[in-house]
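Asker: missing the sequence, but the structure's below:
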């Protein structure tokens, strides 16, 4: 079931699986509980996420950190500048272990 507006608009949530070096990891390869932790609509492209961050539209980030190194240029590294030119402050509010995978919720 998709949650409408979860990745768009003010106060959106971004959920994705990343390796230690910041490369995206396919969520379909995660254990069922980790996939449930990330449940929601498809993750936007790196460019779209950069736009959401630049427009200050992200209130929560859910990340499953996968203990792997993928390397290459397909990392989550699109540059963006906030309107005020300041860093966006997120804090870790919850961590959950799924075997060797760590799920973390970051909120503003």
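Answerer: Received it, and whenever you're ready, just let me know what you need. This structure is a prediction, so every number in the text was calculated from the model and none was measured.
Asker: drop to CA atoms for contacts and neighbour counts, all remaining ones
Answerer: Will do.
Asker: Is the nearest residue to residue 101 once chain neighbours are set aside bridged to anything, and to what?
Answerer: In space, and not counting its chain neighbours, residue 101 is closest to residue 66: 5.1 Å by Cα to Cα, 6 or more residues apart in numbering. With DSSP bridges as the criterion, residue 66 is bridged to residue 19.
Asker: I'd like to know which helix or strand in this structure has the lowest mean pLDDT.
Answerer: helix 46-54 (a mean of 84; mean pLDDT, DSSP states H and E).
Asker: Could you check the pLDDT of the residue located most distally from the centre of the chain?
Answerer: What lies farthest from the middle of the chain is residue 84; by Cα atoms, centre = their mean that is 22.4 Å. Listed pLDDT for residue 84 reads 71.
Asker: Could you look up the SS state of it?
Answerer: Under the three-state scheme (DSSP: H, G, I helix; E, B strand; the rest coil), residue 84 adopts coil.
Asker: going forward can the numbers begin at 3, since that is how I track them
Answerer: Happy to do that; since the first residue is 3 now, the last one works out to residue 86.
Asker: So it versus residue 60, what's the distance?
Answerer: To residue 60, residue 86 is 15 Å away according to Cα to Cα, to the nearest Å.
Asker: Quick one: end-to-end length of stretch 43-58, please.
Answerer: With Cα to Cα as the measure, stretch 43-58 spans 20 Å from end to end.
Asker: can you give me how far it is from the chain middle?
Answerer: Per Cα atoms, centre = their mean, to the nearest Å, the displacement of stretch 43-58 from the mean C-alpha position of its chain is 9 Å.
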